[in-house]
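Asks: Could you look at this predicted model? Sequence included:
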Amino acid sequence: MATYIHDLKDWPKFRWSHEALAAPLAAVRFRQGRLIERMEGLGFQLRAEAVLQSLTEEVLKSSEIEGEVLDREQVRSSIARRLGMDIGALAPPDRHVEGVVEMTLDATQNYAEALTKERLFNWHAALFPTGRSGMTKIVVGAWRTDASGPMQVVSGPSGREHVHYEAPAAARLERETRPFLAWFNSNEGIDPVLGAAVAHLWFVTIHPFEDGNGRMARAIADMALARSEQSPRRFYSMSAQIRVERNAYYDILEATQKGDLDITPWIEWFLGCLNRAFDGAEVILASVLRKARFWDAHAEAQLNERQRAVLNRLLNGLEGKLTSSKYAALAKSSQDTASRDIDDLLRRRILVKDVGGGRSTSYSLIVTTANALRAVAQYIRAHADNSVWEGARMPSAEEVADRHQMIGLLADRIDALAEDSRMREVAYAEFEVMLAELQQQGFFPDGQLVSAVAFARQRGQ
Ligand SMILES: Nc1ncnc2c1ncn2[C@@H]1O[C@H](COP(=O)(O)OP(=O)(O)O)[C@@H](O)[C@H]1O
Ligand SMILES: [Mg+2]
């Protein structure tokens, strides 16, 4: 039988190389400080939106690591409601969403309070409100038992499972968790970011519950990170990054749990992953700013509540394409009303019709000039063969092919312009030159799309 880290004589006396970790830790702490400073400097609204998005990411991705896909909008509205933010009430979230949100918020908002056995039991009960994990009845709100054999992390088809890890026997759990909790609450002279790394590993190694240990370990790490910042405001999601690096995460956990008590490589991996999570914060910030700019630009627009609600869903990142029936469902309106609302948004060039595609027409949101340019390029590619030939003569196959290629190249150039996302005056002039060149090829892009570029540019986006 394999030996695991918790079988070692000195367990749980973890060791690490201060020398190896000093530089990466300093780098992470520096970036963390800079990030928090920038985010705190945002106005109240933007900051609240950034926190909401970060926490939403955290809940979604921590669950997704374990294969549980939650509804983004439900998670978002559940968090918003608990943080006292008014984002327009939606259908009440399902119990699983509420549970994992409750745990994540308790961990991060009440980070300064002691972590106790009761608190862990409450989190566990919240995670499994039906007393089941999938179809299987499990022990909820209490340590696991050995009733169905030892606790193993396995993969592969049943009967031929590969055992990655075996956790301490159930009889040891009381003895194992007590020192863990005492250490976690003591704040004894270790940098709290290192503490987050150690706590994550320690907890998932004890694996004290029948299920949910991964999600709880990540909530505990978040709690330690909140302590390291002395702030309940989350501006990044470490779980989102772990989700991206899931295979490496499992590998390093497995290697560490089979290794000795020197956990330097685990901590190095954890710090690296956290550092990369800070990059993800830039994406969140960009999305927050995009949304804010969009509403600034449309501050004067007479949009109705339905339109605002659906646009917000699009700005938050709607799964799949927007069709008129989806609009009706989101706005809880009739099909007729949905069509009228959409027509109005098309007139305002806030939505544009997608090209080609399936049976039902779908629409895309235009926020930036770049969005509109890409829509034009897409249209050109889809219709590259529909150019007008002057005169009575039939063009030769070669002429047709040449023209097709020319039109395609112009579409590429328009896409390249879109890359230059804050379009400058000169770039707009370039766009007009390209339109003229298209016309020389007998090609006339959809007028609505062309004016969407002009509209977006005028809005200063
Ligand atoms: N190969 C592995 N070796 C060691 N630990 C692993 C491995 N694969 C997964 N784990 C850990 O076990 C967790 C899964 O445990 P589980 O109790 O099912 O928690 P959850 O249901 O929240 O995922 C993972 O999130 C991860 O932390
Ligand atoms: Mg699980």
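Replies: Structure's in. What do you need? Numbering: from 1, shown residues only. Ligands and ions are numbered 1, 2, ... in the order given.

Asks: Now do the contacts for Ala452.
Replies: 349, 352, 366, 372, 375-376 (CB atoms under 8 Å, 6 or more residues apart in numbering). Yep, even glycine has a C-beta here, placed from its N, CA and C like the rest.

Asks: Return the subset of the residues you listed lying in strands.
Replies: Using DSSP state E, Val352 are the members of these that sit in strands.

Asks: so can I have JSON lines of the contacts of Ala452 showing distance to Val244, neighbour count and pLDDT?
Replies: Listed next are the contacts of Ala452 as JSON lines, based on distance: CB to CB, whole Å; neighbours: other CB atoms under 10 Å; pLDDT from 0 to 100:
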{"residue": "Arg349", "distance to Val244": "35", "neighbour count": "20", "pLDDT": "91"}
{"residue": "Val352", "distance to Val244": "31", "neighbour count": "23", "pLDDT": "92"}
{"residue": "Ile366", "distance to Val244": "29", "neighbour count": "26", "pLDDT": "93"}
{"residue": "Ala372", "distance to Val244": "30", "neighbour count": "27", "pLDDT": "92"}
{"residue": "Ala375", "distance to Val244": "29", "neighbour count": "25", "pLDDT": "93"}
{"residue": "Val376", "distance to Val244": "32", "neighbour count": "27", "pLDDT": "94"}
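
Asks: Tell me the one among the contacts of Ala452 nearest to Ser231.
Replies: Ile366 (36.3 Å; CB to CB).

Asks: Please report the distance of that closest one from Arg313.
Replies: Plainly put, Ile366 is 15 Å away from Arg313 if you go by CB to CB, to the nearest Å.

Asks: Can you tell me how far the spatially most central residue of the chain is from ligand 2?
Replies: Centroid-nearest residue in the chain, with CA atoms, centre = their mean: Glu57, separated by 4.1 Å. Between Glu57 and ligand 2 the computed distance is 20 Å (CB to the ion, to the nearest Å).

Asks: Work out for me the element that residue sits within.
Replies: Secondary structure from DSSP states H and E places Glu57 in helix 44-65.

Asks: same for that helix, what does it pack against?
Replies: If contacts are counted by 3 or more CB pairs under 8 Å, 6 or more residues apart in numbering; DSSP states H and E, helix 44-65 sits against helix 18-40, helix 72-82, helix 95-109, helix 213-229, helix 238-244, helix 264-297.

Asks: Name the residues of the stretch 1-150 of the chain found near ligand 1, please.
Replies: The stretch 1-150 of the chain comes close to ligand 1 at residues 65-66, as judged by CB under 6 Å from any ligand atom.

Asks: Could you pull up the residues touching the one residue in the stretch 251-400 of the chain that gets nearest to ligand 2?
Replies: Per CB to the ion, Leu253 is where the stretch 251-400 of the chain lies closest to ligand 2, at 13.7 Å. Residues near Leu253 by CB under 8 Å, 6+ apart: 165, 201, 204, 266.

Asks: again, but for Gln335
Replies: 324-325, 328.

Asks: let's see 6 Å
Replies: Residues in contact with Gln335 (CB atoms under 6 Å, 6 or more residues apart in numbering) are Ala328.

Asks: Tell me if I'm right that the residue nearest to the centre of the chain and Tyr236 touch.
Replies: No. Glu57 lies out of contact with Tyr236 (CB atoms under 6 Å); the separation is 8.4 Å.

Asks: number of nearby residues for Ala397?
Replies: Neighbours of Ala397 under the rule other CB atoms under 10 Å: 8.

Asks: Would you mind measuring from it to His404?
Replies: 10 Å.

Asks: same thing with Val388?
Replies: Taking CB to CB, one finds Val388 at 14 Å from His404.

Asks: cool, and Pro445?
Replies: Taken as CB to CB, the span from Pro445 to His404 is 15 Å.

Asks: Same question for Pro395.
Replies: 11 Å.

Asks: cool, Ala171 as well?
Replies: With CB to CB as the criterion, Ala171 and His404 are 74 Å apart.

Asks: Quick check: the residue of the stretch 101-250 of the chain nearest ligand 2.
Replies: Ligand 2 sits closest to Asp211 of the stretch 101-250 of the chain, with a gap of 4.4 Å, by CB to the ion.

Asks: Apologies, that question was intended for the stretch 1-150 of the chain.
Replies: Glu66 (4.8 Å).

Asks: and the residue lying closest to Thr116 once chain neighbours are set aside, what element?
Replies: Excluding its sequence neighbours, the residue lying closest to Thr116 (CB to CB, 6 or more residues apart in numbering) is Leu181, at 6.5 Å. Per DSSP H and E, Leu181 falls inside helix 173-186.

Asks: So which residues make contact with that helix?
Replies: So helix 173-186 is contacted by 114-115, 143, 168, 199, 202, 206, 208 (CB under 6 Å, 6+ apart).

Asks: chain center to that helix, what's the gap?
Replies: Helix 173-186 has its C-alpha centroid displaced from the chain centroid by 32 Å (CA atoms, centre = their mean, to the nearest Å).

Asks: what residues does the helix or strand that comes right after it touch?
Replies: The C-terminal neighbour of helix 173-186 among helices and strands, as given by DSSP H and E, is helix 192-206. Contact with helix 192-206 is made by 14, 176, 180, 184, 213, 217, 220-221, 224-225, 227-228, 257, 266-267, 270, as judged by CB under 6 Å, 6+ apart.

Asks: which one of these has the most neighbours?
Replies: In terms of neighbours by other CB under 10 Å, the contacts of helix 192-206 top out with Ala221 at 27 neighbours.

Asks: So Ser333 lies in a helix, does it not?
Replies: No. Secondary structure assignment (DSSP: H, G, I helix; E, B strand; the rest coil) places Ser333 in coil, not in a helix.

Asks: Run a quick neighbour tally on it.
Replies: 17.

Asks: Next up, the contacts around it.
Replies: With CB under 6 Å, 6+ apart, Ser333 has these contacts: Arg306.

Asks: And Ala171 and His404? Which one has more around it.
Replies: The neighbour comparison of Ala171 against His404 (other CB under 10 Å) goes to His404, with 14 against 11.

Asks: can you give me phi and psi for His164?
Replies: phi -90, psi -30 (degrees, to the nearest 10).

Asks: unless I'm mixing things up, it is touching Ile252, no?
Replies: No. If you go by CB under 6 Å, His164 and Ile252 don't touch, sitting 11.9 Å apart.

Asks: Settle it for me: which of the two has more neighbours?
Replies: When neighbours are counted by other CB under 10 Å, His164 and Ile252 differ, and Ile252 comes out ahead with 20 against 17.

Asks: Look up how far Val153 lies from the more buried one.
Replies: Distance, Ile252 to Val153, using CB to CB: 14 Å.

Asks: what's the answer for Arg348, then?
Replies: Distance, Arg348 to Val153, by CB to CB: 53 Å.

Asks: Just want to know which of the two has more residues nearby.
Replies: Val153 (19 against 16).

Asks: who does the strand or helix carrying the more buried one pair up with?
Replies: For Val153, the host element (DSSP H and E) is strand 152-155. When pairing is defined by DSSP bridges, strand 152-155 lines up against strand 162-166 (antiparallel).

Asks: Alpha carbons only: can I get the partner strand in CSV?
Replies: Provided in CSV are the C-alpha atoms of strand 162-166 (Å, rounded to 0.1, in the frame of the first residue of the first chain):
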residue,chain,number,x,y,z
HIS,A,162,-7.1,4.3,-10.2
VAL,A,163,-6.6,5.4,-6.6
HIS,A,164,-4.9,8.8,-6.5
TYR,A,165,-5.1,9.3,-2.8
GLU,A,166,-6.4,7.8,0.4
